[in-house]
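*Asks:* give me a model of this one.
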Amino acid sequence: MKILMIGGTVFLGRHVVESALARGHEVTMFNRGQHNPELFPEVEKLRGNRDGGLDVLKGRRWDAVIDTCGYVPRVVSASAQLLADACEHYTFISSGSVYDGDVMNPTEETPVVTIPDANVEQVTGETYGALKALCEQAAEAAMPGRVLNVRSGLIVGPHDPTDRFTYWPVRVARGGEVLAPGRPDAKVQVIDGRDLADWIVRMAEARKAGIYNTTGPDYRLTLGEVLDAAKTASQSDAKFTWLPDEFLVEKQVGGWMEMPLWVPGGGADGLFSMVIDKALADGLTFRPIFETVRDTIAWDQTRPQDREWRAGLKAAKEAEILAAWHAR
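*Replies:* As a prediction, this is how the structure comes out:
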């Protein structure tokens, strides 16, 4: 199968290319060449900006297109319209953020969030989910019945540039007393980028279309189990001190980015309750969480150790809060 990858050098896109090549497909990558241009030297690379720079794609044909980096409906629409007669199948990587985070157990039929002005193109925390939903609709309008819209949950594992999950395996591996937020039995949903990538490629092979919620795993995973897996994988001496939401809020700990996998007052409950029965029926599978945290730790060790973390509690603030907790 001939696949056009829009993106393909950062995180999920990188894993999709690796999976497609491993399965014997011929891949062409279209991107600006600004991230990891040395990757995949054996792959054809077309350079261009998808916002107004699609001419390099004209006159070509592929069996499938996989779009991992669409955020603005106008831009996704332009790509999908140009490629409508040049491919059989289009995969758009959307997000579980299309659902209202307060809605529990969203299925593919759950209404998506909206914004008053559909022409807004500034991607913020407030507009991201609604813009992704509009991107889905733009792709479907260009290729009715030929689009796979992948509503991904929190994607984790090696090459994750956000640090939203990486913080935990690396922090636990460092050992000592670890500040853990809320309750160890709090449910979390994550999916290893490699598992999602393999499924996406298989779905493209089968020309599967429609909307799919894609997160994991296929059992109830808790934050405590994630941290325990990291301790086992790293063989560290970590000791977890679980602090209640109220205390963390009092100490001005921010949810999600400063304290990954946690939002005070159960604010992440909806996000971590996506129903994935449809994707499971179509072959979505998961590696053990132990493998994900083990490989995340190993990958992190290849990165510059003095780099700035994009998420996670600073060590000094963690120590200060723990000291306040013990002194109360």
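*Asks:* can you give me the strands in the stretch 201-328 of the chain?
*Replies:* 210-214, 221-222, 239-243 (DSSP state E, counting those that start in this stretch).
*Asks:* for the first one, packing partners?
*Replies:* Applying 3 or more C-beta pairs under 8 Å, 6 or more residues apart in numbering; DSSP states H and E, one finds that strand 210-214 contacts strand 147-152, helix 193-205, helix 277-281. Just so you know, the C-beta spots here come from the backbone N, C-alpha and C atoms, and that holds for glycine as well.
*Asks:* between the ones you listed, which gets nearest to Ile66?
*Replies:* helix 193-205 (6.4 Å; C-beta to C-beta).
*Asks:* which secondary structure elements does the closest one contact?
*Replies:* Against helix 193-205 (3+ C-beta pairs under 8 Å, 6+ apart) you get helix 12-22, strand 64-67, strand 89-93, strand 147-152, strand 154-156, strand 210-214.
*Asks:* report the beta-bridge partner residues of the residue nearest to Val263 when sequence neighbours are not counted.
*Replies:* Once flanking residues are discounted, Val263 sits nearest to Gly255: 3.8 Å by C-beta to C-beta, 6 or more residues apart in numbering. When assigned by DSSP bridges, Gly255 has beta-bridge partners Met259.
*Asks:* when you give positions from now on, start the count at 18
*Replies:* Got it, the first residue is 18 from now on, which makes the last one we talked about Gly272.
*Asks:* count of residues packed around Gly272?
*Replies:* The number of residues packed near Gly272 is 19, by other C-beta atoms under 10 Å.
*Asks:* that one: what's it in contact with?
*Replies:* 279-281, 284-285 (C-beta atoms under 8 Å, 6 or more residues apart in numbering).
*Asks:* out of those residues, the closest to Val34 would be?
*Replies:* Nearest to Val34 among those, with distances taken as C-beta to C-beta, is Ala285, at 30.6 Å.
*Asks:* for the closest one, give me phi and psi.
*Replies:* phi -100, psi 0 (degrees, to the nearest 10).
*Asks:* I figured it hits Met291, correct?
*Replies:* No - using C-beta atoms under 8 Å, Ala285 is not in contact with Met291, being 11.6 Å away.
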